[in-house]
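Asker: My questions are about this predicted structure, shown below with the sequence.
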Amino acid sequence: MTDSRSEERQAGPLTYRGKAVPKGTTDQRLLDRRGPSDWVHTDPWRVLRIQSEFVEGFGMLSEVGRAVCVFGSARIKPGNPYYELGETIGERIAQAGYTVITGGGPGLMEAANKGASEAGGTSIGLGIELPFEQALNDHINMGVTFRYFFVRKTMFVKYSQAFVVLPGGFGTLDELFEAITLVQTGKVTRFPVILMGTEFWAGLVDWIHERLLTEGLISPHDPDLLHLTDDPDEAVEIIRGAHAQLEQAIEEEEAVAGLEEALHEAERT
Ligand SMILES: CC(C)=CCNc1ncnc2c1ncn2[C@@H]1O[C@H](COP(=O)(O)O)[C@@H](O)[C@H]1O
């Protein structure tokens, strides 16, 4: 082991130490248009690596069962009331029989993972390679570290039935707005997005009404995509209700498909 963490870099499943630690991250190199043009010639190979991230992620997460993603600040420390809220919501989600999925980092991600694992639930971290050294937090029992943000984001949406969003900064806002855009555009359906920490989120929700709605930049029902609460029980009820609706819709679709199949069969005979 090297004694200094700054001399170690995790890049996806790879570990680099000492002078082998690469400059920058894989995401930075993909997005950087400067530098020698030989980058262009390596893109086909890079696509295969992106594919392999999807394969690894789908492979691990497809058998997880019902799950809820919890997002929130990487910077909020234990002792802060939002950290306690993170632990509590992680615990309640696990007790309701859902796996908790987070970004696997510190702060409120760690809090939600801690609450879930201490309640005996499945606690997952989907980590991301960053320019500085960072390990998955200690409270996950399954984890994947991604090189690419966009692959990781696909995993959050594909394998969860709801998003819970705790207070946070740019990263949290990015995840929040991606989720509501997917719901707004019908890419995912019956997918509740729950904002926890009413005092923290009130200003944003007001701005959405006063600015976006008033100026006609969103539809009148779009603000309803966001549920605002401080109450973990209410959050779990919203998740359960949406999930029950989803299962009912799937059953109805399967029943209709069965009827259509029977009709076709009857027409053939
Ligand atoms: C101390 C520090 C900046 C650590 C960064 N380490 C991180 N590790 C894993 N996911 C992250 C990290 N930073 C941002 N994210 C993603 O963005 C959200 C938090 O970003 P923010 O702190 O609100 O903007 C998380 O839900 C997570 O999915």
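Answerer: Good, I have the coordinates.

Asker: so where's the stretch 1-150 of the chain shaky on pLDDT?
Answerer: Residue ranges of the stretch 1-150 of the chain with pLDDT under 70: 1-6, 33-41.

Asker: how about the residues of it near the ligand?
Answerer: Selection of the stretch 1-150 of the chain residues close to the ligand by CB under 6 Å from any ligand atom yields 71-75, 103-106, 109, 127-128, 130, 134. C-beta: built from backbone N, CA, C; applies to glycine.

Asker: In the residues you listed, which residue is surrounded by the most others?
Answerer: Highest neighbour count within these: Met109, with 33 neighbours (other CB atoms under 10 Å).

Asker: Would you confirm that that residue belongs to a helix?
Answerer: Yes - assessed by DSSP: H, G, I helix; E, B strand; the rest coil, Met109 belongs to a helix.

Asker: let's number from 10 now, not from 1
Answerer: Right, with 10 as the first residue, what we last looked at is Met118.

Asker: residues touching the nearest residue to it once chain neighbours are set aside, list them.
Answerer: Residue nearest to Met118 in three dimensions, not counting chain neighbours: Thr111, with 3.9 Å by CB to CB, 6 or more residues apart in numbering. Residues near Thr111 by CB atoms under 8 Å, 6 or more residues apart in numbering: 78-80, 118-119, 121-122, 132-135, 149.

Asker: Please repeat the previous calculation with a cut-off of 10 Å.
Answerer: 77-81, 95, 99, 117-122, 125, 132-136, 145-146, 148-149, 152, 165, 173, 175 (CB atoms under 10 Å, 6 or more residues apart in numbering).

Asker: For the stretch 160-278 of the chain, which residue gets nearest to the ligand?
Answerer: Using CB to the nearest ligand atom, the closest approach of the stretch 160-278 of the chain to the ligand is made by Gly180 at 2.2 Å.

Asker: shouldn't that residue be in contact with Arg161?
Answerer: No - the criterion here is CB atoms under 10 Å, and Gly180 misses it with Arg161 at 11.3 Å.

Asker: what touches both of the two?
Answerer: 112, 137.

Asker: which parts of the stretch 160-278 of the chain sit against the ligand?
Answerer: So far as CB under 6 Å from any ligand atom goes, the stretch 160-278 of the chain lies against the ligand at 177-181, 184.

Asker: could you flag which of these are buried?
Answerer: 177, 180-181, 184 (16 or more other CB atoms under 10 Å).

Asker: what's the helix or strand for Ile259?
Answerer: According to DSSP states H and E, Ile259 maps onto helix 241-277.

Asker: what's the average pLDDT for that helix?
Answerer: The predicted model gives helix 241-277 an average pLDDT of 89.

Asker: so what does that helix touch, helix or strand wise?
Answerer: strand 76-80, helix 90-104, strand 171-174, strand 202-205, strand 235-238 (3 or more CB pairs under 10 Å, 6 or more residues apart in numbering; DSSP states H and E).

Asker: just checking, which of those sits deepest inside the structure?
Answerer: strand 171-174 (a mean of 27; mean count of other CB atoms under 10 Å).

Asker: what are the pairing partners of it, and which direction each?
Answerer: When pairs are called by DSSP bridges, strand 171-174 turns out to pair with strand 76-80 (parallel), strand 202-205 (parallel).

Asker: Figure out how far stretch 103-120 is from the centre of its chain.
Answerer: 10 Å (CA atoms, centre = their mean, to the nearest Å).

Asker: tell me how far the ends of that stretch are from each other?
Answerer: 13 Å (CA to CA, to the nearest Å).

Asker: same check, this time on stretch 119-139
Answerer: OK, stretch 119-139 end separation, CA to CA: 17 Å.
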